[in-house]
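Peer 1: have a look at this prediction, sequence included:
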Amino acid sequence: GGHRDCERRALIRGAIREIPDWPKPGIMFQDVTTILLDPKAFQASIDLLVERYQGKGVTVVAGFEARGLIFGAPLALALGCAFVPLRKPKKLPGETIGEEYNLEYGTDRIEMHVGHVKEGDKVVLVDDLIATGGTMGAGLRLMERVKAEVVECAAVIELPGLNGRKKLEPHPVFTMLEIDVL
């Protein structure tokens, strides 16, 4: 219920470590690895996701390297569905399909194995953080190309000042915490 969700969010928020001026001056980095040190906070984050997507017919959870893998895999297990890792280039041994996205300087790319997400799959995309929405947007384009349906884009943290949610429209976005870092 609502009250329990509030408690869970508080637990997760309290477990996140903030590191000033990383990766550059003026940025307050949100370190989610400290959530993983606290089994109750980590469990709370997975429970929020599981309760949201149970009974929604999800067939694939796709998680972004690196921290999206950590939150995505337990969700897939709990839902009893497939887990597909979305990786940086040259990490996957089989034939891949990929999408580029813009970084502040230059571009990056995510890839997945061909055939691991199929036409008609119902997919939840999972990452630790939505900032500009670049990574998540590349994931959406990847799923469109294989004709899968994206149920929702999910993340632990949203940095609302960077308007990632707007970039992902009309796809629904679920985040546990909104944090203003700038």
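Peer 2: Now that the structure is in, tell me what you want to look at. Quantities reported herein were computed from a predicted structural model and do not represent experimental measurements.
Peer 1: now do the end-to-end distance for stretch 54-70.
Peer 2: With C-alpha to C-alpha, to the nearest Å as the measure, stretch 54-70 spans 19 Å from end to end.
Peer 1: so which bits of it are buried?
Peer 2: Neighbour counts over stretch 54-70 (16 or more other C-beta atoms under 10 Å) mark 58-64, 67-70 as buried. Yep, even glycine has a C-beta here, placed from its N, CA and C like the rest.
Peer 1: same check on stretch 169-180?
Peer 2: Using 16+ other C-beta under 10 Å as the test for burial, stretch 169-180 gives 171, 173-177, 179.
Peer 1: tell me the SS of Glu111?
Peer 2: Put simply, Glu111 is strand when judged by DSSP: H, G, I helix; E, B strand; the rest coil.
Peer 1: name the strands paired with the helix or strand bottoming out on mean pLDDT in the chain and say parallel or antiparallel.
Peer 2: The weakest-scoring helix or strand in the chain, judged by mean pLDDT, DSSP states H and E, is strand 28-31 (a mean of 94). Paired with strand 28-31 in the same sheet, following DSSP bridges, are strand 17-20 (antiparallel).
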